[in-house]
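In: sequence plus the predicted model coming up.
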Amino acid sequence: MGFVQGGIGDPYGAPGLKSLGSLFYEPVWLLTRGQKPPRNIGELKGKRIAIGMKGSGTRVLARTLLSANGVYGDNSTLVNVGGAEARALLGFGKVDAAIFVSAKLSPGLLAQLRRPNIHLMNFSRAKAYMRQYAYLSEVSLPRGALGLESDTPSRDVTMLAPTAALVVRDDLHPALTNLLMATITKVHKPGGLTTPAGVFPSHRFLDFPIDEDAQRYLKSGPSFLRRVLPFWAAVMAERLMIMLVPLLTLLFPLFKIAPPAYRWGIRRRIYRWYGELREIEEQFRKGDSVLKELVERLDRIQIQVGELHVPLGHTEQLYHLRLHIDFVKSMITGK
């Protein structure tokens, strides 16, 4: 699990990763030293520029923006330093510009911005950058947002910003996914210095495919169970539902055939005696048995049928059977 700056993720080189969403903007703070700020990055050609440490997302984005404006290592001095070291070099005049990519403004960076000879680049062509680099967004830093007393910045500044996405392994348990989504929504939904409330977390600006559970959360919010139950109880209930759904799918056909099967079972308890009644009647007609034995068999059947219990809905069939027994008995005895 980790945060990945937009534009540097490689989903083909790391197929086992997925994203839970983009969380916040990481504005590009391009600070220059001099009497007045440059109008565009192209005017930094021939200057000394701190572009971030090797292997950092800042360095990758800095080189992308510089090369798009014709600023390369063969016509300018690109210094691979970042953070506090880059701020120090800029403050002492060892570099002419420094590029930082950060969601939060550090006290050191704020101190540099308050110096009269340090300027924050205004990306007046932000929309043009966005057309070429889909992972970049335009954000606004209002005048005085960094300090009303010092009036920092002294004008509205348009900035470029990639987003930071939370990336996890694709075998992360869905319960942890939902817990993480609830946490990042609580933390990042209120917005920040350059982000209006409600923009993040988002399914946009992602290098890695978004997790299905995360996408469902972003679209519909937490499930009903997670809204009304504690986390552990909601997880247990969801697991139980996952187990019950296939079980109910298997049982559904049984539910459909259960009533007919039950009715058939009741009728079978009644109708099975008709076979013996028919046999007794045939023996009587052929004269193969002694009448006394046939009557005894009928008496036995009558006793067993009298002990038979059936639902009220089948009582009529039971009484029909008893009438038929009496009919065969009267035919044999002649009474």
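Out: Great, that's in hand. Numbers count the residues shown, from 1 in each chain.
In: buried ones in stretch 34-48?
Out: For stretch 34-48, a neighbour-count test (16 or more other Cβ atoms under 10 Å) marks 37, 38, 41, 44, 47, 48 as buried. For every residue, glycine as well, the C-beta is placed using N, CA and C.
In: after the helix or strand harbouring residue 273 comes which helix or strand?
Out: Secondary-structure element containing residue 273, defined by DSSP states H and E: helix 231-286. For helix 231-286, the succeeding helix or strand toward the C-terminus, using DSSP H and E, is helix 291-306.
In: hmm, who's touching that next one?
Out: 273, 276-277, 280, 283-284, 318, 321-322, 325, 328-329, 332-333 (Cβ atoms under 8 Å, 6 or more residues apart in numbering).
In: so it versus helix 231-286, what angle?
Out: Put simply, helix 291-306 runs at 160 degrees to helix 231-286, going by axes from the mean of the first three to the mean of the last three Cα atoms, to 10 degrees.
In: picking up where we left off before, helices or strands up against the helix holding residue 273?
Out: For helix 231-286, the packing partners by 3 or more Cβ pairs under 8 Å, 6 or more residues apart in numbering; DSSP states H and E come out as helix 174-188, helix 224-228, helix 291-306, helix 315-333.
In: mind putting the buried residues of stretch 34-48 into TSV with pLDDT, secondary structure and distance to residue 95?
Out: Shown next, in TSV, are the buried residues of stretch 34-48 (pLDDT from 0 to 100; DSSP: H, G, I helix; E, B strand; the rest coil; distance: Cβ to Cβ, whole Å):
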residue	pLDDT	secondary structure	distance to residue 95
37	88	coil	15
38	92	coil	14
41	95	helix	15
44	95	helix	11
47	95	coil	8
48	96	strand	4
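In: of these, closest to residue 28?
Out: Nearest to residue 28 out of the buried residues of stretch 34-48 is residue 41 (Cβ to Cβ; 10.2 Å).
In: now that closest one: closest residue in space, sequence neighbours ignored.
Out: residue 69 (4.1 Å; Cβ to Cβ, 6 or more residues apart in numbering).
In: for residue 210, see how far away residue 177 is.
Out: In this view, residue 177 and residue 210 are 11 Å apart by Cβ to Cβ, to the nearest Å.
In: low-confidence bits of the stretch 151-300 of the chain, can you list those?
Out: 224-226, 228, 231-232, 235, 238, 288-289 (pLDDT under 70).
In: about what we covered before: which neighbours do residue 177 and residue 210 share?
Out: Between them, residue 177 and residue 210 share the contacting residues residue 20, judged by Cβ under 8 Å, 6+ apart.
In: show me what contacts the residue nearest to residue 41?
Out: The contact partners of residue 69, by Cβ under 8 Å, 6+ apart, come to 40, 41, 42, 44, 45.
In: quick one: secondary structure of the closest residue in space to residue 204 that isn't next to it in sequence?
Out: Spatial nearest neighbour of residue 204, excluding adjacent residues (Cβ to Cβ, 6+ apart): residue 22 at 6.2 Å. Following DSSP: H, G, I helix; E, B strand; the rest coil, we place residue 22 in the strand state.
In: burial of residue 22, as a residue count?
Out: Neighbourhood size, residue 22 [other Cβ atoms under 10 Å]: 26.
In: any idea how far residue 195 is from it?
Out: Residue 22 sits at a distance of 11 Å from residue 195 (criterion: Cβ to Cβ).
In: what's next to stretch 264-281, contact-wise?
Out: 294, 297-298, 301, 304-305, 308, 310-311, 314, 317-318, 321, 324-325, 328, 331-332.
In: tell me the buried residues within these.
Out: Looks like the contacts of stretch 264-281 have 294, 297, 298, 301, 305, 318, 321, 324, 325, 328, 332 buried, using 16+ other Cβ under 10 Å.
In: dump those to a markdown table, plus distance to residue 30.
Out: Output for these, formatted as a markdown table (distance: Cβ to Cβ, whole Å):
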| residue | distance to residue 30 |
| --- | --- |
| 294 | 113 |
| 297 | 108 |
| 298 | 109 |
| 301 | 103 |
| 305 | 100 |
| 318 | 95 |
| 321 | 98 |
| 324 | 103 |
| 325 | 105 |
| 328 | 108 |
| 332 | 114 |
